[in-house]
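Q: Sequence below, structure please.
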Amino acid sequence: MNQKTRFGAAALLTVLLLTTAVSCGDAADTTNDTTDAATKAVTEAATADPDDPYAARMNVSAGLPEGLDFGGAHLRSMVNDTNDNVMANDIYIDQATGEIVDDALYNRRVYVEELLNVVIDPSEIFSHTQASSNIRKSVNAGDDAYDLYLEHMIQAGIDTLEGLFRNWYDIPHTDFTHPWYPQDSIKNITLDGTMYLLLSDVMLSSFHNTYCYYFNRKIAADYDLPDVYDIVRNGQWTLDKVSELTKGVYKDVNGDGTHDADDQYGYATSIDSNVVTYFWAFDVPLLDLSSGKPVLAANNERAVNTVTKLDDFFFKNENTFIASLWTDFIDMFVAEKVLFIPRCVGETQTFFREMENYGMLPFPKYDEAQDGYYTMLDGCSPLIAVPKTAQNVEMIGAVMEAMGEYSYKYVVPAYYDMTLKVKGTRDENSIEMLDITFAGRVVDFAFVYDNWKGYAFALQNVLKKNGSQEYSSYYKSNEKKAISHFEKVYEQFQEGGE
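A: Numbering: from 1, shown residues only. Sure, this is the predicted structure:
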């Protein structure tokens, strides 16, 4: 296995054994020693191999002043939990469980609490509608009840327009050039020196909710398809190539003469967020922020062509099946009736946990000239805000940086390499494909602040009509509303969170 794309196996096994020891013993008595031992083991194993990409992580520091002591202050968070995914543990986990990721998260909490003399309270967990209602009531009442608010990114964008949050750039101790902050996303959701919502690798949900492609390796072999991994490596993985590879895969399995969920297909999807992803995968501009103000840019040739490409592939192609619900085409894939589907990386740990014959790929490019492979996070993935009423902002910033450093060194390697790459993938090529997929993660201003009034969901809305509604007419009918909406967004950013 290529050591340049893997965390040292010896280090991970050592961490696994050490952190399991915590959960099997008296956590209160052994956690500190075990955390120190695990940290030392990871450091030594990573630095032993100069080609190991994780070795450099051991030398990165949050740069916090020595001796920070917040006197036992409590960090309080409210978290939106959607679809039973991992975001409930993004900030707080109660105890070590013997699972390497849970134990890394637990050790992170203990480390930060001791480093800064703070107490990280259990997160209050609500649905996104209830979380939004709670934070509005709390802030509007002037109540310093929460330090961090983690919310479904679309809902968080809506909440921002109520003037509820502080500007992250005003929070002491934070440095958004640190590698635990995805740099493209930091740039994309900052406007004129203001960023209300933050993406950090502290949140494992940002990995879990990243869109990718899955493919059935058995069907690919049955149809003697070329090596799709090499197609990706060669920069030829485009929607046109996907369409080409799916030709002839349709099979009327039940012999009833109709295209239904019991048959075999080259591609299956539902018309929802799986489809929305193509605008970002195809690098379609929706807003121009270059002037420091959001200006509509969605009426462009690339957007029009994307709709045409997808319309042809979805509705004029017998090899594609359009499911009513996203769970339906997942069930078809689990039953090995589909060659390609689009879904989130986290499905490796849920729906596909018992499957053997799948591989993973990045979302395809618009064309071979595109400079790389891109993808997006599902809207249910949270971003982090600091409520305006939060007072201990120095503590908040220090905790976020300390958690970020620890996550970068230990939590992300545990999740990325063991849970995804070892448990979640079925072949070594898929590991490389995950590296490519995560390198192209995008969180975009036009999506976060869309509030269903811009063009972030245009693909979903247009294609739900089976392509009968042209994109140009859709754009025109929504242009006035979108302009008005983003003027309000701009006004809020002009206030700078204060």
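
Q: pLDDT weak spots in the stretch 351-498 of the chain?
A: For the stretch 351-498 of the chain, applying pLDDT under 70 flags the ranges 417-427, 466-469, 496-498.

Q: for it, what spans make up the strands?
A: For the stretch 351-498 of the chain, the strands defined by DSSP state E, counting those that start in this stretch cover 358-361, 375-376, 382-385, 441-442.

Q: and if you look at the stretch 1-150 of the chain?
A: Secondary structure of the stretch 1-150 of the chain (DSSP E, counting those that start in this stretch): strands located at 73-75, 77-80, 118-120, 124-126, 148-152.

Q: and the strands of the stretch 351-498 of the chain, which is most packed in?
A: Ranked by mean neighbour count, those are led by strand 382-385 with a mean of 27 (mean count of other Cβ atoms under 10 Å). All C-beta spots, glycine's among them, are computed from the backbone N, C-alpha and C.

Q: So what touches that strand?
A: The contact list for strand 382-385, computed with Cβ atoms under 8 Å, 6 or more residues apart in numbering, reads 79-80, 87, 90, 148-153, 156, 159-160, 164-166, 189, 196-200, 202-203, 205, 400, 443, 448.

Q: just to revisit the earlier point, could the strands of the stretch 351-498 of the chain go into CSV alongside distance to His485?
A: Listed next are these as CSV, based on distance: least, Cβ to Cβ, whole Å:
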stretch, distance to His485
strand 358-361, 35
strand 375-376, 20
strand 382-385, 19
strand 441-442, 21
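
Q: Can you check which of those gets nearest to Trp326?
A: When those are compared by Cβ to Cβ, strand 375-376 sits nearest Trp326, at 15.5 Å.

Q: Counting by contacts, list what the closest one packs against.
A: For strand 375-376, the packing partners by 3 or more Cβ pairs under 8 Å, 6 or more residues apart in numbering; DSSP states H and E come out as strand 211-216, helix 273-281, strand 441-442.

Q: hey, least reliable of these by pLDDT?
A: With a mean of 92, strand 441-442 has the lowest mean pLDDT of the helices and strands packed on strand 375-376.

Q: which residues touch that strand?
A: Strand 441-442 is contacted from outside by 182, 184-185, 188, 206, 210, 280, 374-377, using Cβ under 8 Å, 6+ apart.

Q: What spatial separation is found between Arg76 and Arg166?
A: Arg76 sits 15 Å away from Arg166, going by Cβ to Cβ, to the nearest Å.

Q: how about the helices and strands packed on strand 375-376, which one is nearest Gly454?
A: Comparing those against Gly454 with Cβ to Cβ, the closest turns out to be helix 273-281 (11.2 Å).

Q: and the helix or strand just after that closest one, which strands flank it?
A: Under the assignment DSSP states H and E, the closest C-terminal helix or strand after helix 273-281 is strand 287-288. The pairing partners recorded for strand 287-288 under DSSP bridges are strand 295-296 (antiparallel).

Q: any idea of the mean pLDDT in the strand it pairs with?
A: In this model, strand 295-296 has a mean pLDDT of 96.

Q: State the next helix or strand along the chain beyond that strand.
A: Note on strand 295-296: by DSSP H and E, the next helix or strand toward the C-terminus is helix 301-315.

Q: Now that following helix: buried residues?
A: Neighbour-count burial for helix 301-315 flags 303, 306-307, 309-311, 313-314 (criterion: 16 or more other Cβ atoms under 10 Å).

Q: What about Pro65, how many residues nearby?
A: Residues near Pro65, counting by other Cβ atoms under 10 Å, number 7.

Q: Okay, it and His173: tell me how far apart.
A: With distances taken as Cβ to Cβ, Pro65 is found 8 Å from His173.

Q: Show me the helices in the stretch 1-150 of the chain, by range?
A: Taking DSSP state H, counting those that start in this stretch, the helices of the stretch 1-150 of the chain run over residues 9-24, 27-47, 100-116, 128-140.
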